[in-house]
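A.B. asks: structure here, sequence nowhere to be found:
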């Protein structure tokens with residue numbers, strides 16, 4: 001989930017006192033498949049206001065948390081998960097409670113500590129609910145938790161929430177779009193970031209990159225400064241301003257074989273690249289292909305190579321770390337697990353690894369279960385008809401959920417409904433330089449929630465928003481974040497670190513850095 005560094009500005013109108021006592025929720029009936037395990041009145045602390053903390057399980061294993069603030073703003077907010085889920089997102093729930101929302105989250109029907117990665121989908125006598133767990137992870141757990149939360153809210157406060165909102169990024173973004181597509185009645189407004197809509201494609205990409213990077217072609221983190229320098233040296237100024245940000249990396253015609261410094265024969269160093277390493281980079285940027293050269297899934301866009309201060313110590317970290325360069329400890333095992341336990345039909349043998357994935361035969365096998373977890377349906381007419389709204393954001397410098405996933409979905413949505421109809425209920429914001437959900441060299445700290453509430457409840461459609469680049473709690477730069485396809489353009493005077501000196505404009509043609 002992206003950390004919001006700006007202050008949410010809409011006012012909170014406190015509702016009347018609760019209609020029932022918090023502990024009494026345990027004894028209330030909310031259906032035969034629901035077990036309320038605890039309901040505790042929690043006093044206010046420095047981190048959260050006073051609230052009723054409700055925990056329970058929806059059959060078979062969907063655990064949830066719902067927190068009901070004493071001073072309620074009349075709204076319901078549900079927050080998404082990350083990765084393969086398996087835990088309740090309590091931190092984002094508390095963010096909602098601090099703003100006065102009744103806020104909820106689910107673990108999506110499995111426990112990551114007992115069933116890490118995608119092992120919750122492993123078929124066998126030891127996991128009789130495997131098929132249901134896949135469906136819960138795909139879409140059912142979120143829907144059932146949202147429906148139950150609304151019932152509990154109505155019982156506790158004596159009236160229903162007047163509006164309901166979704167907030168999620170990555171897996172939480174996919175969950176949000178799945179809700180919009182399958183259960184448009186659940187939420188009035190959905191704030192959706194970097195959505196992993198095409199899980200099959202994204203994991204196939206990780207396997208492709210893993211196969212390419214094995215052996216002498218492995219790209220280690222020590223290479224990233226040289227790679228970033230070559231990319232930014234070629235493409236930073238394409239938008240007319242050399243500011244350490246690549247506005248639209250699709251216009252960057254970076255070519256590893258042509259644009260990178262080459263190591264002398266038989267040598268390797270951090271400042272140069274061997275022929276095997278250049279070949280690996282060509283595959284990473286070029287995308288997933290079969291033996292006939294057909295593109296199966298897009299490659300990495302330039303821009304995420306650069307390093308920025310990260311973590312409490314502020315150590316420099318590239319946007320490729322943890323995803324594309326050694327040690328990439330998470331994506332590859334996760335992709336292998338998805339393929340083994342959820343996607344490939346029939347299931348592969350026990351000795352199967354990501355190295356055995358065949359890009360001629362296995363994509364079709366992996367597609368057989370894709371409908372259970374992917375969220376690619378562009379027909380959002382039911383959501384539009386009932387007045388629902390979507391605010392969708394995506395970082396151009398995302399190495400986990402590549403930007404093309406969001407762009408492709410937006411294009412499919414426009415093709416299905418028409419540009420004018422889409423504009424009535426949907427906005428896409430592409431954030432230059434932003435990594436996965438947050439961070440990076442761009443101005444990724446944006447208050448996405450306030451404009452969503454204003455749009456849903458007051459009919460004020462969002463236009464340009466303000467983003468900030470925040471490092472160690474200090475704002476280093478602000479910029480307008482523009483509704484796609486508009487981009488922020490410098491007015492020609494004043495500091496390039498102040499949003500007031502930029503305006504949103506239609507993009508200009510580019511030579512592509514050739």
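C.D. replies: Yep, it's here. Values in this document were obtained by computation on a predicted structure and should not be read as measured data. Numbering: from 1, shown residues only.
A.B. asks: quick one: residue 413 is in a helix?
C.D. replies: Yes - using DSSP: H, G, I helix; E, B strand; the rest coil, the assignment for residue 413 is a helix.
A.B. asks: which residues in this structure form helices?
C.D. replies: For the chain, the helices defined by DSSP state H cover 90-98, 130-135, 141-157, 171-182, 199-213, 224-235, 256-259, 275-286, 331-338, 362-366, 381-385, 403-417, 419-425, 449-458.
A.B. asks: looking at those, which is nearest to residue 27?
C.D. replies: helix 141-157 (11.2 Å; CB to CB). Using the backbone N, CA and C atoms, a C-beta is placed for each residue, glycine as well.
A.B. asks: helices and strands around that closest one, which ones?
C.D. replies: In this structure, helix 141-157 makes packing contacts with strand 51-58, strand 62-69, strand 75-79, strand 102-106, helix 171-182, judged by 3 or more CB pairs under 8 Å, 6 or more residues apart in numbering; DSSP states H and E.
A.B. asks: residue 424: which of those is closest?
C.D. replies: Here helix 171-182 is closest among the helices and strands packed on helix 141-157 (CB to CB), at 14.3 Å.
A.B. asks: with mean neighbour count added, can I get the helices and strands packed on helix 141-157 in a markdown table?
C.D. replies: As requested, the helices and strands packed on helix 141-157 are exported to a markdown table (neighbours: other CB atoms under 10 Å):
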| stretch | mean neighbour count |
| --- | --- |
| strand 51-58 | 21 |
| strand 62-69 | 25 |
| strand 75-79 | 29 |
| strand 102-106 | 29 |
| helix 171-182 | 26 |
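A.B. asks: of all these, which lies closest to residue 303?
C.D. replies: So among those, helix 171-182 is nearest, using CB to CB, at 19.5 Å.
A.B. asks: now that closest one against helix 90-98, angle please.
C.D. replies: For helix 171-182 against helix 90-98, the angle by axes from the mean of the first three to the mean of the last three CA atoms, to 10 degrees is 70 degrees.
A.B. asks: what does helix 171-182 rub up against?
C.D. replies: Outside helix 171-182, the residues that touch it by CB atoms under 8 Å, 6 or more residues apart in numbering are 1, 79-85, 89, 138-139, 142-143, 146, 166, 168, 186-187, 190-197, 199, 373-375, 377, 379-380, 383, 388, 390, 392, 401, 409.
A.B. asks: hmm, try it at 6 Å
C.D. replies: 80-82, 139, 142, 166, 168, 186-187, 190, 192-197, 375, 377, 380, 383 (CB atoms under 6 Å, 6 or more residues apart in numbering).
A.B. asks: now the angle from that helix to strand 75-79?
C.D. replies: 120 degrees.
A.B. asks: quick one, helix 171-182 and helix 141-157 angle?
C.D. replies: Using the same axes, to 10 degrees: helix 171-182 against helix 141-157 is 80 degrees.
A.B. asks: next, the angle from helix 171-182 to strand 102-106.
C.D. replies: Using the same axes, to 10 degrees: helix 171-182 against strand 102-106 is 100 degrees.
A.B. asks: quick one: helix 171-182 to chain centroid distance?
C.D. replies: 10 Å (CA atoms, centre = their mean, to the nearest Å).
A.B. asks: rewinding a little: out of the contacts of helix 171-182, which are buried?
C.D. replies: Buried subset of the contacts of helix 171-182 (neighbour count, 16 or more other CB atoms under 10 Å): 80-82, 139, 142, 166, 168, 186-187, 190, 192-197, 375, 377, 380, 383.
A.B. asks: so which of the residues you listed are in strands?
C.D. replies: 166, 168, 190, 192-193 (DSSP state E).
A.B. asks: got those as a markdown table, with pLDDT and distance to residue 181 columns?
C.D. replies: Listed next are those as a markdown table, based on pLDDT from 0 to 100; distance: CB to CB, whole Å:
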| residue | pLDDT | distance to residue 181 |
| --- | --- | --- |
| 166 | 98 | 12 |
| 168 | 98 | 14 |
| 190 | 98 | 11 |
| 192 | 98 | 12 |
| 193 | 98 | 17 |
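A.B. asks: quick one, phi/psi of the closest residue to residue 137 other than its chain neighbours?
C.D. replies: Closest residue to residue 137 apart from its sequence neighbours, by CB to CB, 6 or more residues apart in numbering: residue 108 at 4.7 Å. When read as degrees, to the nearest 10, the backbone of residue 108 gives phi 70, psi 20.
A.B. asks: ok, how many other residues are close to residue 108?
C.D. replies: 29 (other CB atoms under 10 Å).
A.B. asks: show me what contacts it?
C.D. replies: Per CB under 6 Å, 6+ apart, neighbours of residue 108: 85, 136-137, 141.
A.B. asks: can you pick the most crowded of those residues?
C.D. replies: Top of the contacts of residue 108 by neighbour number is residue 137, holding 29 neighbours under the definition other CB under 10 Å.
A.B. asks: what pLDDT does it get?
C.D. replies: Confidence at residue 137, expressed as pLDDT, is 98.
A.B. asks: would you quantify the distance from it to residue 175?
C.D. replies: Residue 137 is 9 Å from residue 175, where distance means CB to CB, to the nearest Å.
A.B. asks: same question for residue 214.
C.D. replies: Residue 214 is 32 Å from residue 175, by CB to CB.
A.B. asks: what does residue 116 give?
C.D. replies: 20 Å.
A.B. asks: and if you look at residue 153?
C.D. replies: Taken as CB to CB, the span from residue 153 to residue 175 is 20 Å.
A.B. asks: again with residue 310
C.D. replies: In terms of CB to CB, residue 310 sits 26 Å off from residue 175.
A.B. asks: swap in residue 468?
C.D. replies: The value you get for residue 468 to residue 175, if CB to CB is used, is 26 Å.
A.B. asks: repeat that for residue 74.
C.D. replies: 24 Å.
A.B. asks: how about residue 410?
C.D. replies: The value you get for residue 410 to residue 175, if CB to CB is used, is 18 Å.
A.B. asks: again, but for residue 27
C.D. replies: 31 Å.
A.B. asks: just confirm residue 112 contacts residue 85, I think it does.
C.D. replies: No - using CB atoms under 6 Å, residue 112 is not in contact with residue 85, being 7.1 Å away.
A.B. asks: what ranges of the protein fall below the confidence cut-off?
C.D. replies: Scanning the chain for pLDDT under 70 picks out the ranges 1-16, 312, 326-330, 509-514.
A.B. asks: residue closest to the middle of it?
C.D. replies: residue 170 (1.9 Å; CA atoms, centre = their mean).
A.B. asks: was I right to think that one contacts residue 82?
C.D. replies: Yes - shown here, residue 170 and residue 82 form a contact pair, counting by CB under 6 Å, at 5.3 Å.
A.B. asks: which residues are in contact with stretch 152-167?
C.D. replies: By CB under 6 Å, 6+ apart, stretch 152-167 touches 18-20, 66, 68, 74-79, 102, 176, 187-191.
A.B. asks: ok now it, how far from the chain's centre?
C.D. replies: Relative to the chain's own centre, stretch 152-167 is displaced by 26 Å; criterion: CA atoms, centre = their mean.
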